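Q: have a look at this prediction, sequence included:
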Amino acid sequence: MDYKAEVKKALSEKKIIIGSREVLRVLKTGKPKFVVIALNCPESIRKDIEYNAKLAGVDVFVFDGTGRELGIFCGKPFPIAALAVER
């Protein structure tokens, strides 16, 4: 699956959740389509997200760039450590 194209589509449809705390919340309460984490996401946050995603049966993709580059990719003026795409 080309997750980058899916992220772009979700951005245009406003079906994206940005931020590691929000991603963890939605993993525990709902079931997103998939999760994307930045390459330089802090290890503790990465482990929490991967663990909760495994419990929820959700795929986790690692963006091939830093949080700043992920923010730019999403058209935001700030770094993004993690994001989730809603179903």
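A: All right, it came through fine.

Q: report the buried residues of the lowest-mean-pLDDT helix or strand in the chain.
A: Sorting the helices and strands of the chain by mean pLDDT, DSSP states H and E puts helix 3-13 at the bottom, at a mean of 91. Going by neighbour count (16 or more other Cβ atoms under 10 Å), the buried part of helix 3-13 is Tyr3, Glu6, Val7, Ala10, Leu11. Every C-beta, even on glycine, is put in place using the N, C-alpha and C of the backbone.

Q: how about stretch 52-68?
A: Asn52, Ala53, Val58, Val60, Phe63, Thr66, Gly67.

Q: now swap in stretch 35-54 and tell me
A: Buried, per 16+ other Cβ under 10 Å, within stretch 35-54: Val35, Val36, Ile37, Ala38, Cys41, Ile45, Arg46, Asp48, Ile49, Glu50, Asn52, Ala53.

Q: okay if I get these as a markdown table plus distance to Ile18, secondary structure and pLDDT?
A: Converted to a markdown table, the buried residues of stretch 35-54 look like this (distance: Cβ to Cβ, whole Å; DSSP: H, G, I helix; E, B strand; the rest coil; pLDDT from 0 to 100):
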| residue | distance to Ile18 | secondary structure | pLDDT |
| --- | --- | --- | --- |
| Val35 | 11 | strand | 96 |
| Val36 | 10 | strand | 96 |
| Ile37 | 12 | strand | 96 |
| Ala38 | 11 | coil | 96 |
| Cys41 | 13 | coil | 94 |
| Ile45 | 14 | helix | 95 |
| Arg46 | 16 | helix | 96 |
| Asp48 | 16 | helix | 96 |
| Ile49 | 13 | helix | 96 |
| Glu50 | 18 | helix | 96 |
| Asn52 | 17 | helix | 95 |
| Ala53 | 16 | helix | 95 |
